[in-house]
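Visitor: missing the sequence, but the structure's below:
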């Protein structure tokens with residue numbers, strides 16, 4: 001395992017998960033519900049920033065590694081899954097939406113693993129559609145965590161709900177895209 005700045009940022013993201021979840025276990029006397037929302041949104045935003053930063057620094061400092069390439073998407077999926085589970089528990093996201101997003105992440109991770117084993121990993125490389133899905137998903141989660149009023153009567157809950165449904169739709173589209181790209185190559189190997 002290579003310990004460099006990008007990998008340390010990825011580990012930080014993983015270590016933030018129990019802190020993020022733990023915020024909601026404080027009593028309402030110690031931390032008001034509004035302050036819990038703000039703290040959780042801040043921690044999630046910090047994790048999202050470290051996700052971007054570790055990739056940027058790995059390329060800029062030429063500190064890419066096989067371990068970092070493995071750990072980075074795992075950290076992302078763990079943080080997103082933890083956030084979605086918390087949001088379902090709080091009644092801010094429907095369980096079916098969380099299931100679609102988490103299920104897709106597991107399925108595509110397994111597909112990428114399989115494709116890498118047969119030497120076809122480039123056929124399921126991250127697409128523009130996948131990147132757009134990720135942006136919508138991260139923004140939705142951040143808004144749903146914050147939940148409070150934004151501007152002009154718009155709430156984080158309202159805008160976040162629209163974005164999470166958009167993200168779920170993009171999740172299904174991107175999964176279909178990756179499966180379409182992979183199936184011909186998988187069919188040849190089975």
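Guide: Alright, I've got the coordinates. Keep in mind that this is a model prediction, so the values were computed, not measured.

Visitor: Could you verify that residue 27 is part of a strand?
Guide: No: per DSSP: H, G, I helix; E, B strand; the rest coil, residue 27 lies outside any strand segment and is coil.

Visitor: Quick one: neighbours of it, just the number.
Guide: By other C-beta atoms under 10 Å, 7 other residues sit near residue 27. Where C-beta positions appear, they are placed from N, C-alpha and C, glycine not excepted.

Visitor: And for the one 3 residues further on?
Guide: Using other C-beta under 10 Å as the criterion, residue 30 is surrounded by 9 other residues.

Visitor: what about it, is that helix, strand or coil?
Guide: coil.

Visitor: measure it to residue 83 for me?
Guide: 22 Å (C-beta to C-beta, to the nearest Å).

Visitor: how does this protein divide into domains?
Guide: The chain breaks down into these domains under automatic domain parsing: 1-90, 93-190.

Visitor: pLDDT at the spatially most central residue of the chain, what is it?
Guide: Nearest to the mean C-alpha position of the chain, counting by C-alpha atoms, centre = their mean, stands residue 80 at 3.8 Å. Here, the pLDDT recorded for residue 80 equals 95.

Visitor: Tell me if I'm right that it and residue 141 touch.
Guide: Yes: with contact defined as C-beta atoms under 8 Å, residue 80 reaches residue 141; the gap is 6.9 Å.

Visitor: any idea which helix or strand carries the residue nearest to the centre of the chain?
Guide: In the assignment (DSSP states H and E), residue 80 maps to helix 66-89.

Visitor: For that helix, which helices and strands make contact with it?
Guide: In terms of contacts (3 or more C-beta pairs under 8 Å, 6 or more residues apart in numbering; DSSP states H and E), helix 66-89 is packed against helix 5-22, helix 33-60, helix 95-117, helix 128-146.

Visitor: for the shortest one, packing partners?
Guide: Pointing back at helix 5-22 there. helix 33-60, helix 66-89.

Visitor: Distance-wise, check the nearest residue to residue 161 once chain neighbours are set aside relative to residue 35.
Guide: Leaving out its chain neighbours, the residue that sits closest to residue 161 by C-beta to C-beta, 6 or more residues apart in numbering is residue 144, at 7.1 Å. Note on residue 144: its distance to residue 35, by C-beta to C-beta, is 16 Å.
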